[in-house]
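Chemist: need a 3D model of the following:
(one chain, ligands or ions: 3)
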Amino acid sequence: MPLSSHAVFQAGRRTSLGTRLVALVLGVVALLLLASALAVQLGTRSLVSEIANADLETAERVWVRFYELRGRRLLSAVSVLAEDFGFREAVTADDGSTGLSALLNHAGRVDADLAVLLTPSGEPTVLVPNIGLRELRPALDALLAQPGADRGVIGTVIVDGMAMQLALVPVRAPGLVAWAGFGFAISDEVLRDYSGLTGIDLRLLADGGGVEIASSHEAGDRGLHRIARADRLALAGGEELLLRFELDEARITEPLERLRRRILLLSLAMAVPAALLALMAANGISRPLQRLTELVARIASGDYGSRVEVRGQDEVGRLAQGVAAMQEAIQSREARIEQQALTDGLTGLANRASALRVLAGIGSSGRTEARRLTLLDIRRFSEVNDAFGPEVGDRLLALVAMRLRELCPERLIARLGANEFMLLGASDADLLAELQALNWLSELQAPYEISGASLRLEFCAAWAEYPSQSSNGLELLRRAQLALADAKREGLAICGYRQGSEDRHLRQLRLMADLRQATERTELHLVFQPKVDLRTGRVVHAEALLRWRHPQLGPIGPDEFVPLAERSGLVSGLTRFVLKASLESCLEWQKAGLDLAVAVNLSALDLGDAGLAPRVEAMLAEVGLASTRLILEVTESAIVRDVARAIEQLQRLRELGVRVAVDDFGTGQSSLAQLQRLPTDELKIDKSFVLGLAAGGADAQIVRLAVELGHSLGLQVIAEGVETAAGLAVLRSVGCDIGQGYLFSRPLSSAALVDWTRNFDFSALALPECPSP
Ligand code: C2E
Ligand code: CA
Ligand code: CA
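Modeler: Numbers count the residues shown, from 1 in each chain. Ligands and ions are numbered 1, 2, ... in the order given. Sure thing, here's the model as predicted:
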């Protein structure tokens, strides 16, 4: 899977995607609501004025028509009167009462408010009701002067403060005899009729609008908010009246307001489900995303167990599928890596890390199931590798692993090191286990066939048990390893852990660690044990023996700590310290007038140290001591380990004039031939042959042979461990040259040695008869 492609994401604010989505959707819904409310508000406002204008315009047109119709009605009524024969007769005959009754009769028929009779010149003769006759004259003149007036004329006049529509018709018989006229008052009532018809109020105003003549308004509804339109009504005589058409705004706005409220209510009602739908949609996106986010966080923290189920084929669904696929890929890859990390590539067995992990679980969770851990080591495997090459070595290891798996399929088998295997299983009885292990060993040691060759391997096994010998898995391993080390050291094929082994081991570890500082902390010092010439009784040498007083553990013997120094690489430092201190003490003795050589023990490792001889030479020169004053003791076993190297080293030392002694002679199985080639001056017979020395014993024979051998090679022979006078007597009788032992003295401090030497009386010890050899 390519990992190189990379995308950049805008890091979001802290608020979650879900919250933002909900906020966005709710915001959009709110904006839409606001917009529609505004549109309704603005729309109704302009609608009001549009409707009002249209209504007023219509009302005005209706008024014109209404007024015109009324006028026509007047005119036809007056015309009928003017045609009336009786009326004409009466007017012509100037029969006032008949004429008047006909006039009133006709006026009553059309509900006229005014009836008038004029002379042909326009002088009013009759006016019913009889009001404002004089003031009417100019208006009448103006009407009669209108063109076409001789066929009848209609006009508007003011009579007694009231507007009147007046129709005048000539009365002919056949010449013009009079003018007859009827008038309708434009009263509040008329205007109300009109208003009832149109729904528009109308006011009639005179004097440029200052004086109201008539109005359709009921008393008391004058304070309302009105929309108005003005028109003019020409009066006969040139003046004008103002017509005000008025519309109560509420009449339009009220239904609109109701409509608006309904729209708002409806959109508010719609907003709730819209918001709910939006919330659901936002949730539908953000909830699975949130679950995915949690899942990814868990994956990041290494938890691959949790699954998320997001169905659907949309982007979120596909994202979830992607995450799930990624999770599986990571999980399987991790499992593969873990598997590889816990398996030994060569043998397919569990590796060391895996074994340690299993061991860490033992005893940690209160489990007490008994366990036995067995370690198997292939002896001298490096020789196989050297002889046949690493490929063969590897194939052998794989074959061993295969055989192990067949032999004990029920155990955990791991490869801990190059040629070390671990078996972990249930614990059995000790004896049974040992027999079983022996059985395995013989099976494992059966020849291996590789490329036609048949190879044998030698194994070494060791085990420890839980919980009888260890309190947890790691201690179990450590103890099995100690047992394995014991087995190797002691050359055993099988070795179980022995109680106390670990304590010994721990003490050794501690001593090794402490030894490092022991020299600096002056915990180390030397004691000297005299060696006596058995013929003259003179003290000739003193052997330097190292002592360590441990601040907590007390005196530690050289037998214990010198091998530890050898193992931890500290021995050359020790030798240097001993050499220096010994030479200095020897110089002291010389100054005190004693003729003594000092003997210093070398470790086997010193034999391989090429710097030793030059160092010895330098030290002798530094201290100012003749090289003949120094004897170096090397054990026979150290020489036998690498004879050629030992010869070389001893040769170099002898060239300095230093004497060399073979220590612990008789324990190292050196051959006569080797001994002959050794550049040495003295033989020190091991104390094991000397301690129990008595006349006629087996040791006496050995000592005699050793002395003869030494002398035949031209060497001085020394016996150490002289504890008894009887032993001394045997030594003298076989011709041993020098003796060392508790019979003469235990090791002493340098100063004490001087006093002791001065006071030493050999004759007191050597008095008993020398038995003949
Ligand atoms: P070694 O060189 O054989 O030293 C003689 C050991 O025999 C000394 O033990 C000494 O105290 C002991 N011994 C002497 N006379 C008698 C006797 O009559 N009876 C008995 N039972 N023992 C007697 P020590 O001092 O414990 O030394 C033990 C060994 O430690 C030495 O054996 C030597 O191998 C090693 N060692 C001591 N000092 C040094 C040293 O400075 N350097 C090295 N490399 N090894 C040392
Ligand atoms: Ca010695
Ligand atoms: Ca010795």
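
Chemist: tally of neighbours for residue 108?
Modeler: For residue 108, the neighbour count with other CB atoms under 10 Å is 10. All C-beta atoms are positioned from the backbone trio N, CA, C, and that covers glycine.

Chemist: C-alpha coordinates for the helix or strand hosting it, PDB please?
Modeler: If you go by DSSP states H and E, residue 108 is part of helix 96-109. Extracted in PDB, the C-alpha atoms of helix 96-109 (Å, rounded to 0.1, in the frame of the first residue of the first chain):
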ATOM      1  CA  GLY A  96     -99.900  80.200  -9.900                       C
ATOM      2  CA  SER A  97    -101.600  77.600  -7.700                       C
ATOM      3  CA  THR A  98    -102.200  75.000 -10.600                       C
ATOM      4  CA  GLY A  99     -98.600  75.400 -11.800                       C
ATOM      5  CA  LEU A 100     -97.200  75.100  -8.300                       C
ATOM      6  CA  SER A 101     -99.200  72.000  -7.500                       C
ATOM      7  CA  ALA A 102     -98.100  70.300 -10.800                       C
ATOM      8  CA  LEU A 103     -94.500  71.300 -10.000                       C
ATOM      9  CA  LEU A 104     -94.600  69.800  -6.500                       C
ATOM     10  CA  ASN A 105     -96.500  66.900  -7.700                       C
ATOM     11  CA  HIS A 106     -93.800  66.000 -10.200                       C
ATOM     12  CA  ALA A 107     -91.000  66.900  -7.800                       C
ATOM     13  CA  GLY A 108     -92.500  64.600  -5.200                       C
ATOM     14  CA  ARG A 109     -92.500  61.800  -7.700                       C
END
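
Chemist: residues in contact with that helix?
Modeler: Here helix 96-109 makes contact (CB atoms under 8 Å, 6 or more residues apart in numbering) with 77-78, 80-81, 84, 86-87, 89-91, 114-115, 117, 126, 128, 180, 182.

Chemist: now swap in stretch 569-588 and tell me
Modeler: 512, 515-516, 519, 524-526, 528, 542, 544, 546, 562, 564-565, 596-598, 600-603, 605-606, 609, 612, 615-616, 619-620, 623-625, 629-630, 750, 754.

Chemist: quick one: buried ones out of those residues?
Modeler: Neighbour-count burial (16 or more other CB atoms under 10 Å) applied to the contacts of stretch 569-588 gives 512, 515, 524, 526, 528, 542, 544, 546, 562, 564-565, 596-598, 600-603, 605-606, 612, 615-616, 619-620, 623, 625, 629-630, 750, 754.

Chemist: of these, which belong to helices?
Modeler: Mapping the buried ones among the contacts of stretch 569-588 onto helices (DSSP state H) picks out 512, 515, 562, 564-565, 612, 615-616, 619-620, 623, 750, 754.

Chemist: what's the closest of the residues you listed to residue 532?
Modeler: Closest approach to residue 532 among these (CB to CB): residue 754, at 15.4 Å.

Chemist: interface residues of the protein facing ligand 1?
Modeler: 529, 544-546, 557-559, 562, 578, 601-603, 633, 663-664, 687, 720-723, 740-742, 747 (CB under 6 Å from any ligand atom).

Chemist: list only buried entries from those.
Modeler: Buried members of the residues of the chain next to ligand 1, counted by 16+ other CB under 10 Å: 529, 544-546, 562, 578, 601-603, 633, 663-664, 687, 720-723, 740-741, 747.
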